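J.: here is my input; please provide its structure:
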Amino acid sequence: MPKATAVWLVENTSLSFKQIADFCNLHEVEVQGIADGEVAKGIKAYNPIIAGQLTREEIERSSKDVHRSLQLLKKELNISTKERKKPKYTPLSKRQDRPDAILWLIKKYPELLDAQIARLIGTTKNTVVSIKKRTYWNFNNLSPKDPIAINLCSQLDLENALEKAKRKIKREREKIEKEKMDSS
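T.: Sure thing, here's the model as predicted:
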C-alpha cells in the first residue's frame, strides 16, 4: 500500500517528494517517478485520511514546512486479551461429590439456573435437571454437600452466579410489572 498512498499524496497534496518518500518508506526518485507517471502505472490511489493514517491538518502543517515530516496517526485500540477459561479438571476422587454439590445448590439456592449450576460444578445441564426432577440414577444415595467445602467451586464464583441470578429475577419482575401497567 505504500505506493498507492504515495500516488494519492502526489496527486492531492503539495508535499515535497522527500516528505512523501519518508512517510511511505520509498526512495525520493521513486516518488518522483510516480509524479512523472513512469512508476506505479495503474495503481489505484489509496487515501490515507480515510484509512485513518493521516489527518487533513497534518498534511496542511507539513505542506507549509518542507522540513517537517508527516506523522502517522496512532490508533489507540483497547483490545483486551481475555483468556478463555479452560474447563477445570476435577480429580476422580471428587467427581463422585458433584451430584451431592448439585443437590446442595438446588436446595440452598433455587434461584440459580441449571446452566449456572452446571458451570459452577463443572458438569452437564442434563445431570442438574435429572437431580432436580429426582430422576438421577443414584438420587436416593445423595446427601447435600457444600461445593465450596469440597473445593468444586470458589466462594467468589458462587457469589457472582447468585448476583447474576438475582439481577435476572429483578429484570423479569420489572418486565412483568411493566406489562401489567401497559395492559391497564
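
J.: got the domain boundaries for this structure?
T.: Domain assignment for the chain by automatic domain parsing gives 2-64, 92-183.

J.: mean pLDDT for these - can I get that in a markdown table?
T.: As requested, the domains of the chain are exported to a markdown table (pLDDT from 0 to 100):
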| stretch | mean pLDDT |
| --- | --- |
| domain 2-64 | 86 |
| domain 92-183 | 94 |
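
J.: need the contact list for the closest residue to I169 other than its chain neighbours.
T.: The shortest distance from I169 to any non-neighbouring residue, by Cβ to Cβ, 6 or more residues apart in numbering, is to E111 (6.0 Å). (C-beta placed from N, C-alpha, C; glycine too.) By Cβ atoms under 8 Å, 6 or more residues apart in numbering, the residues touching E111 are 162, 165-166, 169.

J.: and which of the residues you listed is nearest to A4?
T.: A165 (54.4 Å; Cβ to Cβ).

J.: so the closest one, which of the three states?
T.: What DSSP: H, G, I helix; E, B strand; the rest coil gives for A165 is helix.

J.: wait, doesn't it sit right on D114?
T.: No: applying Cβ atoms under 8 Å as the test, A165 and D114 come out as separate, 11.2 Å apart.

J.: list the contacts of the nearest residue to L112 once chain neighbours are set aside.
T.: Nearest residue to L112, sequence neighbours excluded (Cβ to Cβ, 6+ apart): A165, at 5.3 Å. The neighbours of A165, taking Cβ under 8 Å, 6+ apart as the test, are 109, 111-113, 116.

J.: for those residues, work out which two are farthest apart.
T.: The widest separation within the contacts of A165 (Cβ to Cβ) is 10.2 Å, between Y109 and L113.

J.: ok, the nearest residue to Q155 once chain neighbours are set aside - how many residues close by?
T.: Spatial nearest neighbour of Q155, chain neighbours left out: I148 (5.4 Å); criterion: Cβ to Cβ, 6+ apart. When counting by other Cβ atoms under 10 Å, one arrives at 16 neighbours for I148.

J.: and R95, by the same measure?
T.: 12.

J.: that older thread, in helices only, show me the contacts of A165.
T.: Among the contacts of A165, DSSP state H puts Q116 in helices.

J.: one step back: A161 versus the residue nearest to Q155, what's the distance?
T.: 12 Å (Cβ to Cβ, to the nearest Å).

J.: cool, N12 as well?
T.: According to Cβ to Cβ, N12 and A161 sit 57 Å apart.

J.: show me which of those two is the more surrounded one.
T.: Between N12 and A161, A161 has the larger neighbour count (other Cβ under 10 Å), namely 21 against 13.

J.: tell me how far the spatially most distant residue from the centre of the chain lies from Y109.
T.: Centroid-distance maximum for the chain: D36 at 47.0 Å, with Cα atoms, centre = their mean. D36 sits 77 Å away from Y109, going by Cβ to Cβ.
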